[in-house]
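Visitor: build me a model from this:
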Amino acid sequence: MISYDPAVMSQVLKISNSALYKFPNTTTTVTKAIQVIGTRSIYDLVLAYGVASAFKDINSDIVDLDKFWEQSVNGALLCKNLAEAVGLKEPEKMFVCGLLHNLGELVLVQLNPIEANKFSSISCEDTPLVLQKKHLGFSYVDISFELLKLWGIPLDILLIVSKTHVSEHIAQRQEENIIQLAYLFALNNINRELYASHAGITEGMYESLGVDLECVNNALDFSNLQLMSALALFSPSTFAVF
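Guide: Residues are numbered from 1 along each chain as shown. Model prediction:
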(Lines give C-alpha, C1' and ligand atoms only; values in the text may rest on other atoms or scores of the structure.)
Protein backbone atom coordinates (compact mmCIF):
# COMPACT_ATOMS: atom_id res chain seq x y z
CA MET A 1 0.00 0.00 0.00
CA ILE A 2 2.84 2.39 0.85
CA SER A 3 4.58 1.63 -2.45
CA TYR A 4 1.46 2.55 -4.43
CA ASP A 5 1.12 5.99 -2.80
CA PRO A 6 4.04 8.20 -3.95
CA ALA A 7 3.49 10.87 -1.29
CA VAL A 8 3.39 8.40 1.59
CA MET A 9 6.27 6.36 0.15
CA SER A 10 8.43 9.49 -0.11
CA GLN A 11 7.59 10.41 3.45
CA VAL A 12 8.41 6.95 4.77
CA LEU A 13 11.79 7.03 3.04
CA LYS A 14 12.49 10.51 4.41
CA ILE A 15 11.58 9.39 7.92
CA SER A 16 13.75 6.27 7.78
CA ASN A 17 16.74 8.35 6.63
CA SER A 18 16.15 11.17 9.12
CA ALA A 19 17.64 12.06 12.48
CA LEU A 20 14.72 10.27 14.14
CA TYR A 21 16.57 7.06 13.34
CA LYS A 22 20.28 6.43 13.44
CA PHE A 23 20.59 3.80 10.73
CA PRO A 24 24.15 4.10 9.32
CA ASN A 25 23.29 3.36 5.66
CA THR A 26 20.95 5.15 3.27
CA THR A 27 17.53 3.54 3.00
CA THR A 28 16.26 3.45 -0.60
CA THR A 29 13.36 0.98 -0.53
CA VAL A 30 10.11 0.70 1.41
CA THR A 31 11.02 -2.83 2.47
CA LYS A 32 14.25 -1.62 4.02
CA ALA A 33 12.48 1.36 5.62
CA ILE A 34 10.04 -1.01 7.33
CA GLN A 35 12.98 -3.05 8.61
CA VAL A 36 14.63 0.09 9.98
CA ILE A 37 11.53 1.63 11.54
CA GLY A 38 9.35 -1.39 12.28
CA THR A 39 5.85 -2.24 11.11
CA ARG A 40 3.98 -0.70 14.04
CA SER A 41 6.14 2.41 13.92
CA ILE A 42 5.50 2.77 10.18
CA TYR A 43 1.78 2.69 10.94
CA ASP A 44 2.09 5.33 13.66
CA LEU A 45 4.27 7.67 11.58
CA VAL A 46 2.17 7.37 8.41
CA LEU A 47 -0.89 8.06 10.57
CA ALA A 48 0.78 11.20 11.94
CA TYR A 49 1.72 12.32 8.43
CA GLY A 50 -1.82 11.78 7.13
CA VAL A 51 -3.51 13.62 9.98
CA ALA A 52 -1.07 16.54 9.78
CA SER A 53 -1.57 16.83 6.01
CA ALA A 54 -5.33 17.24 6.53
CA PHE A 55 -4.61 20.79 7.75
CA LYS A 56 -2.12 21.87 5.09
CA ASP A 57 -4.51 24.55 3.75
CA ILE A 58 -5.36 26.17 7.09
CA ASN A 59 -5.64 29.98 7.21
CA SER A 60 -2.20 31.17 8.32
CA ASP A 61 -3.53 34.70 8.95
CA ILE A 62 -5.28 33.47 12.09
CA VAL A 63 -2.67 31.10 13.50
CA ASP A 64 1.11 31.17 13.28
CA LEU A 65 1.48 27.78 11.60
CA ASP A 66 5.25 27.70 11.92
CA LYS A 67 4.96 28.24 15.66
CA PHE A 68 2.09 25.76 15.94
CA TRP A 69 4.01 22.96 14.23
CA GLU A 70 7.24 23.79 16.02
CA GLN A 71 5.50 23.31 19.35
CA SER A 72 3.69 20.18 18.17
CA VAL A 73 6.79 18.53 16.69
CA ASN A 74 8.91 19.55 19.69
CA GLY A 75 6.34 17.96 22.00
CA ALA A 76 6.22 14.86 19.81
CA LEU A 77 10.00 14.47 19.92
CA LEU A 78 10.02 14.92 23.68
CA CYS A 79 7.33 12.25 24.00
CA LYS A 80 9.37 9.84 21.89
CA ASN A 81 12.68 10.53 23.63
CA LEU A 82 11.20 10.29 27.12
CA ALA A 83 9.43 7.07 26.15
CA GLU A 84 12.76 5.64 25.00
CA ALA A 85 14.47 6.84 28.20
CA VAL A 86 12.01 4.93 30.39
CA GLY A 87 11.97 1.87 28.15
CA LEU A 88 8.45 1.97 26.69
CA LYS A 89 8.00 -0.54 23.87
CA GLU A 90 6.30 1.80 21.37
CA PRO A 91 7.97 5.23 21.50
CA GLU A 92 6.55 6.17 18.06
CA LYS A 93 3.04 5.91 19.51
CA MET A 94 4.04 8.60 21.96
CA PHE A 95 5.44 10.67 19.09
CA VAL A 96 2.01 10.51 17.43
CA CYS A 97 0.25 11.53 20.65
CA GLY A 98 2.52 14.54 21.05
CA LEU A 99 2.07 15.58 17.43
CA LEU A 100 -1.72 15.35 17.42
CA HIS A 101 -2.72 16.52 20.91
CA ASN A 102 -3.31 20.16 19.92
CA LEU A 103 -5.07 19.73 16.56
CA GLY A 104 -8.13 21.29 18.22
CA GLU A 105 -6.54 24.70 17.69
CA LEU A 106 -6.52 24.18 13.92
CA VAL A 107 -10.11 22.92 14.04
CA LEU A 108 -11.21 26.14 15.75
CA VAL A 109 -9.25 28.27 13.27
CA GLN A 110 -10.92 26.44 10.40
CA LEU A 111 -14.46 26.53 11.78
CA ASN A 112 -14.56 29.81 13.71
CA PRO A 113 -11.61 32.10 12.93
CA ILE A 114 -13.17 35.06 14.78
CA GLU A 115 -13.37 33.06 17.99
CA ALA A 116 -9.87 31.70 17.39
CA ASN A 117 -8.45 35.25 17.45
CA LYS A 118 -9.24 35.46 21.17
CA PHE A 119 -6.51 32.96 22.00
CA SER A 120 -3.53 34.78 20.52
CA SER A 121 -2.72 37.00 23.52
CA ILE A 122 -1.26 34.51 25.99
CA SER A 123 0.69 35.77 29.00
CA CYS A 124 2.26 34.47 32.19
CA GLU A 125 -1.17 34.47 33.86
CA ASP A 126 -3.30 33.74 30.80
CA THR A 127 -1.71 30.52 29.59
CA PRO A 128 -3.20 28.83 26.50
CA LEU A 129 -5.21 26.47 28.70
CA VAL A 130 -6.54 29.32 30.87
CA LEU A 131 -7.72 31.21 27.76
CA GLN A 132 -9.28 28.10 26.26
CA LYS A 133 -11.25 27.34 29.41
CA LYS A 134 -12.24 30.99 29.77
CA HIS A 135 -13.58 31.47 26.22
CA LEU A 136 -14.66 27.95 25.29
CA GLY A 137 -15.28 26.18 28.59
CA PHE A 138 -13.04 23.35 27.40
CA SER A 139 -9.59 22.89 25.89
CA TYR A 140 -8.10 22.34 22.44
CA VAL A 141 -7.20 18.86 23.67
CA ASP A 142 -10.92 18.13 24.11
CA ILE A 143 -11.54 19.14 20.48
CA SER A 144 -8.57 17.03 19.36
CA PHE A 145 -9.98 14.03 21.21
CA GLU A 146 -13.38 14.32 19.51
CA LEU A 147 -11.85 14.82 16.06
CA LEU A 148 -9.48 11.87 16.39
CA LYS A 149 -12.35 9.72 17.65
CA LEU A 150 -14.41 10.64 14.57
CA TRP A 151 -11.46 9.70 12.38
CA GLY A 152 -11.21 6.27 14.01
CA ILE A 153 -7.80 6.81 15.56
CA PRO A 154 -6.86 3.92 17.92
CA LEU A 155 -8.30 4.17 21.41
CA ASP A 156 -4.94 3.96 23.20
CA ILE A 157 -3.79 7.13 21.39
CA LEU A 158 -7.08 8.88 22.18
CA LEU A 159 -6.83 8.12 25.89
CA ILE A 160 -3.25 9.39 26.17
CA VAL A 161 -4.09 12.60 24.26
CA SER A 162 -7.07 13.24 26.55
CA LYS A 163 -4.74 13.38 29.60
CA THR A 164 -2.39 16.07 28.21
CA HIS A 165 -3.00 18.72 30.90
CA VAL A 166 -1.53 17.97 34.31
CA SER A 167 -3.78 20.58 35.95
CA GLU A 168 -6.86 18.62 34.82
CA HIS A 169 -5.77 15.00 35.11
CA ILE A 170 -3.65 13.04 37.58
CA ALA A 171 -1.45 10.77 35.48
CA GLN A 172 -2.09 7.08 36.11
CA ARG A 173 0.33 5.63 33.56
CA GLN A 174 3.79 6.42 32.27
CA GLU A 175 2.36 7.48 28.92
CA GLU A 176 0.22 10.11 30.63
CA ASN A 177 3.18 11.41 32.65
CA ILE A 178 5.20 11.67 29.45
CA ILE A 179 2.66 13.65 27.43
CA GLN A 180 2.08 16.02 30.36
CA LEU A 181 5.79 16.69 30.70
CA ALA A 182 6.29 17.03 26.95
CA TYR A 183 3.39 19.47 26.59
CA LEU A 184 4.75 21.83 29.24
CA PHE A 185 8.34 21.67 28.02
CA ALA A 186 7.27 22.32 24.41
CA LEU A 187 4.97 25.19 25.45
CA ASN A 188 7.76 26.79 27.48
CA ASN A 189 10.29 26.18 24.73
CA ILE A 190 8.27 27.95 22.05
CA ASN A 191 7.33 30.84 24.36
CA ARG A 192 10.68 31.56 25.99
CA GLU A 193 9.85 35.23 26.35
CA LEU A 194 6.99 34.31 28.71
CA TYR A 195 7.86 31.07 30.46
CA ALA A 196 10.95 29.63 32.10
CA SER A 197 12.03 26.29 30.64
CA HIS A 198 10.70 24.34 33.67
CA ALA A 199 7.58 26.45 34.36
CA GLY A 200 4.73 24.34 35.68
CA ILE A 201 6.89 21.22 36.02
CA THR A 202 7.28 19.56 39.42
CA GLU A 203 9.75 16.94 40.61
CA GLY A 204 6.93 14.45 41.00
CA MET A 205 6.14 14.57 37.28
CA TYR A 206 9.47 13.07 36.26
CA GLU A 207 10.23 11.14 39.43
CA SER A 208 7.06 9.12 38.85
CA LEU A 209 8.66 8.01 35.57
CA GLY A 210 11.70 6.76 37.46
CA VAL A 211 14.04 9.34 35.92
CA ASP A 212 15.88 12.35 37.31
CA LEU A 213 16.11 15.93 36.09
CA GLU A 214 19.34 15.25 34.22
CA CYS A 215 17.62 12.57 32.14
CA VAL A 216 14.73 14.91 31.36
CA ASN A 217 17.10 17.70 30.38
CA ASN A 218 19.02 15.31 28.13
CA ALA A 219 15.78 14.35 26.38
CA LEU A 220 14.99 18.04 25.98
CA ASP A 221 18.41 18.83 24.50
CA PHE A 222 18.23 15.87 22.11
CA SER A 223 14.73 16.87 21.00
CA ASN A 224 15.94 20.39 20.24
CA LEU A 225 18.75 18.93 18.11
CA GLN A 226 16.27 16.82 16.15
CA LEU A 227 13.67 19.56 15.77
CA MET A 228 14.57 21.09 12.42
CA SER A 229 14.88 17.80 10.58
CA ALA A 230 11.63 16.54 12.13
CA LEU A 231 9.80 19.75 11.20
CA ALA A 232 10.75 19.10 7.59
CA LEU A 233 8.99 15.73 7.84
CA PHE A 234 5.71 16.74 9.47
CA SER A 235 5.05 20.43 8.92
CA PRO A 236 2.38 20.78 6.19
CA SER A 237 4.36 23.62 4.61
CA THR A 238 6.75 20.94 3.34
CA PHE A 239 4.10 18.71 1.77
CA ALA A 240 4.00 20.63 -1.51
CA VAL A 241 7.30 19.05 -2.61
CA PHE A 242 5.47 15.76 -3.05
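
Visitor: make it CA atoms for all contacts and neighbour counts henceforth
Guide: Fine.

Visitor: this protein: helices as residue ranges?
Guide: Along the chain, the stretches classed as helices by DSSP state H are 6-16, 30-37, 39-53, 65-85, 91-100, 103-111, 113-116, 128-135, 140-150, 155-162, 174-190, 203-207, 213-234.

Visitor: nearest the middle, which residue of this structure would you pick?
Guide: Centroid-nearest residue in the chain: residue 99, 2.0 Å away (criterion: CA atoms, centre = their mean).

Visitor: and the helix or strand of the chain with the lowest mean pLDDT, which residues are buried?
Guide: None of the helices or strands of the chain scores lower by mean pLDDT, DSSP states H and E than helix 39-53, at a mean of 79. Within helix 39-53, the residues scored as buried using 16 or more other CA atoms under 10 Å are 41-46, 48-49, 51-53.

Visitor: same check, this time on stretch 52-64
Guide: 52-53, 55-56, 62-63.

Visitor: rebuild the residues you listed as JSON lines, extending it with distance to residue 167.
Guide: Listed next are the buried residues of stretch 52-64 as JSON lines, based on distance: CA to CA, whole Å:
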{"residue": "52", "distance to residue 167": "27"}
{"residue": "53", "distance to residue 167": "30"}
{"residue": "55", "distance to residue 167": "28"}
{"residue": "56", "distance to residue 167": "31"}
{"residue": "62", "distance to residue 167": "27"}
{"residue": "63", "distance to residue 167": "25"}
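
Visitor: any idea which of those residues is closest to residue 10?
Guide: Taking CA to CA as the measure, residue 10 lies nearest residue 53 of the buried residues of stretch 52-64, at 13.8 Å.

Visitor: between the least confident helix or strand of the chain and helix 6-16, how big is the angle?
Guide: 120 degrees (axes from the mean of the first three to the mean of the last three CA atoms, to 10 degrees).

Visitor: any chance of the helices of the chain in a markdown table, with distance to residue 24 too?
Guide: Converted to a markdown table, those look like this (distance: least, CA to CA, whole Å):
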| stretch | distance to residue 24 |
| --- | --- |
| helix 6-16 | 11 |
| helix 30-37 | 10 |
| helix 39-53 | 19 |
| helix 65-85 | 19 |
| helix 91-100 | 20 |
| helix 103-111 | 34 |
| helix 113-116 | 45 |
| helix 128-135 | 41 |
| helix 140-150 | 35 |
| helix 155-162 | 31 |
| helix 174-190 | 28 |
| helix 203-207 | 32 |
| helix 213-234 | 16 |
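
Visitor: thanks again, I'm all set now.
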